[in-house]
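A.B. asks: Sequence and predicted structure, then a few things I'm wondering about:
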Amino acid sequence: MAKNIMIQGTMSNAGKSLLCAGLCRIFKQDGYRVAPFKSQNMALNSFITESGGEMGRAQVVQAEAAGIAPDVRMNPILLKPTTDVGSQVIVNGVAYGNMRAMEYSKRKREFIPDVMEAYNSLAAENDIIVIEGAGSPAEINLKQEDIVNMGFAKLVDAPVLLVGDIDRGGVFAQLYGTVALLEEDEKARIKGTIVNKFRGDRAILDPGLDTLEALCGVPVVGVVPYVHVDIDEEDSLSERFYQPQTRKLLDIAVIRLPRISNFTDFSPFERYENVSLRYVDKVADLHNPDMILLPGTKSTIGDLMWLRQCGLEAAILKAASAGTLVFGICGGYQMLGKSICDPEQVEAAGVTEIAGLGLLDMNTVFRGEKMQTQVSGHFENIPGMLSGLSGLAYEGYEIHMGRSQQKLPPLTNNQNVYGSYVHGIFDAPQVAQTIVHALCTQKGIDFESMGSFDLHEYKQQQYDKLADAVRSGLDMDYVYRVLNHQA
């Protein structure tokens, strides 16, 4: 069986996911077969594997860093929030059903056999498993039924490194407070602490690190610098949403829906030097973009109602009538149609039928069975602004409950309004480039001024950059001793 090491955090967004990705890359570089694992993940950004299973994108990124194909065994339980108090539960890639938070909390230990089967099969095929925790192990109201932090560490006898986020401040209190709230057997599992996202001269930290080691009784394994890497994130805490709203030569606005999902669909546009990709949730911030993107959502009807109430629907309709390129993906695509029906209350939004924006000749009906599959093909005879896509290859995945009441191609068009069910449709070579080129032509801008890139090579460079930062920040000799239970 594989050796294992677990990264737990003092809070959500402490940097666990990227640290695990960095370690996966390092172990791969060092010649090991390595796989990521997270027993339970809560995220709206999901991925469909080649076998048609659904999993969280954090483990997809970690698998890419490890040089292996994503596999639902890496994330056996995925929770996709549908309301503020409930989620759709995905078990080993398949939708199990919707549960309120309290119901899931009472029942989640029922899924331990599924979790252990997934973990053990991965461990039989690899040398090292890098395990990611969730939130904090010191959530004392949740510890009794825990299956993702110390509860899981006990099940697989995993040593733990605890990471805190110094960029938010209070990192010493984060780390010591977390350790102090643990039971004695849990404290014994922690083999070291990590200070993450540090900017500045490390010598300034040394007195605090010495005190932290004395208080926690374990070494500080390292101080990882704040590193700017362009690697997909998975949840609504994404820093992308809070970046300055600077508009560049080409300006693309993504409507930041309340339950936005799979926003990484749009990351290919961010890599052009003179293209701005802004996330907008107010009419006042929309301005006059060259392209409006409507993203996927876990609650299409609820978010369409929000779009209507906040005035963004009217602003999008006005922009579309003026010739602005509008593109919807999945739930955003459904919103662009004439109507959305939910007779079985699949989304539990309290509405059985609602009018869409009416920009595409399409009606959608929600049914209980989820569509989840990888897809690929070629665009055929695309009219309008994006006619340059015709004949190009695309690939991606579909993941939706709604069904359109007509057979649709991968891209549906009405003048300057387009939509598709395919997540990742902009990733294929030349697709994003063709769209940017079309926008440049419409605006009279030289396309060469945008810059270009090789997506696959770019991703590999980013994973190597992350690994370099993690390797330089951590005492990797000590990490290997932890792996071998020698620390």
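C.D. replies: Happy to help now that I have it. Residues are numbered from 1 along each chain as shown.

A.B. asks: What residues of stretch 448-461 count as buried?
C.D. replies: Residues of stretch 448-461 classed as buried: 450, 455, 459 (neighbour count, 16 or more other Cβ atoms under 10 Å). The C-beta positions use only the backbone N, C-alpha and C, and glycine is treated the same way.

A.B. asks: try stretch 478-487
C.D. replies: Residues of stretch 478-487 classed as buried: 478-480, 482-483 (neighbour count, 16+ other Cβ under 10 Å).

A.B. asks: that older thread, return the subset of the buried residues of stretch 448-461 lying in strands.
C.D. replies: Using DSSP state E, no member of these sits in strands.

A.B. asks: and these as a markdown table, adding pLDDT and distance to H378?
C.D. replies: Formatted as a markdown table, those follow (pLDDT from 0 to 100; distance: Cβ to Cβ, whole Å):
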| residue | pLDDT | distance to H378 |
| --- | --- | --- |
| M450 | 81 | 24 |
| L455 | 73 | 18 |
| K459 | 87 | 23 |
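
A.B. asks: From these, which land in helices?
C.D. replies: Of the positions in those, 455, 459 sit in helices, assigned by DSSP state H.

A.B. asks: quick check, nearest of the buried residues of stretch 448-461 to V60?
C.D. replies: K459 (11.6 Å; Cβ to Cβ).

A.B. asks: Let's see the pLDDT reported for the closest residue to that closest one other than its chain neighbours.
C.D. replies: Take K459 and drop its neighbours on the chain: the residue closest to it by Cβ to Cβ, 6 or more residues apart in numbering is E64, 6.8 Å away. On pLDDT, E64 comes in at 96.

A.B. asks: Pairing partners for the longest strand seen in the chain, with directions?
C.D. replies: Ranked by number of residues, the top strand in the chain under DSSP E is strand 363-378. Strand 363-378 pairs in its sheet with strand 339-341 (parallel), strand 393-404 (antiparallel), by DSSP bridges.

A.B. asks: So in that sheet, which strands flank the helix or strand of the chain with the lowest mean pLDDT, and in what orientation?
C.D. replies: Within the chain, no helix or strand scores below strand 412-414, which has a mean of 82 by mean pLDDT, DSSP states H and E. The pairing partners recorded for strand 412-414 under DSSP bridges are strand 417-420 (antiparallel).

A.B. asks: which other residues reach the very next helix or strand once past the strand it pairs with?
C.D. replies: Downstream of strand 417-420, the next assigned helix or strand under DSSP states H and E is helix 431-443. With contacts defined as Cβ atoms under 8 Å, 6 or more residues apart in numbering, helix 431-443 is touched by 250, 268-269, 272, 275, 290-291, 323, 325, 385-386, 388-389, 392, 394, 425-426, 445-447, 450, 452.

A.B. asks: could I get the strand or helix carrying D477 in PDB with only the CA atoms?
C.D. replies: According to DSSP H and E, D477 maps onto helix 476-483. The C-alpha coordinates for helix 476-483 follow below in PDB (Å, rounded to 0.1, in the frame of the first residue of the first chain):
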ATOM      1  CA  MET A 476      11.600  18.300   2.100                       C
ATOM      2  CA  ASP A 477      14.000  16.000   3.900                       C
ATOM      3  CA  TYR A 478      11.700  16.300   6.900                       C
ATOM      4  CA  VAL A 479       8.600  15.900   4.700                       C
ATOM      5  CA  TYR A 480      10.000  12.600   3.500                       C
ATOM      6  CA  ARG A 481      10.700  11.500   7.100                       C
ATOM      7  CA  VAL A 482       7.100  12.300   7.900                       C
ATOM      8  CA  LEU A 483       6.100  10.100   4.900                       C
END
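
A.B. asks: wait, doesn't D165 sit right on A14?
C.D. replies: Yes: here D165 reaches A14: they are 4.3 Å apart, a contact under Cβ atoms under 8 Å.

A.B. asks: These two: which is more packed in?
C.D. replies: A14 (29 against 23; other Cβ atoms under 10 Å).

A.B. asks: Am I right that that one is in a strand?
C.D. replies: No: A14 is assigned coil when assessed by DSSP: H, G, I helix; E, B strand; the rest coil, not a strand.

A.B. asks: That one contacts I166, doesn't it?
C.D. replies: No: applying Cβ under 8 Å, one finds A14 not in contact with I166, separated by 9.7 Å.

A.B. asks: shared neighbours of these two, anything?
C.D. replies: N196.

A.B. asks: residues touching K38, list them.
C.D. replies: K38 is in contact with 56, 58-59, 74-75, 131-134, 148, counting by Cβ under 8 Å, 6+ apart.

A.B. asks: quick check, nearest of those to D30?
C.D. replies: Looking across these and measuring by Cβ to Cβ, the closest to D30 is I131, at 18.1 Å.

A.B. asks: Can you list phi and psi of that closest one for me?
C.D. replies: phi -100, psi 130 (degrees, to the nearest 10).

A.B. asks: quick one, what contacts the spatially closest residue to it that is not a sequence neighbour?
C.D. replies: Residue nearest to I131 in three dimensions, not counting chain neighbours: M6, with 4.1 Å by Cβ to Cβ, 6+ apart. Applying Cβ under 8 Å, 6+ apart to M6 gives the contacts 131-133, 152-153, 158-161.
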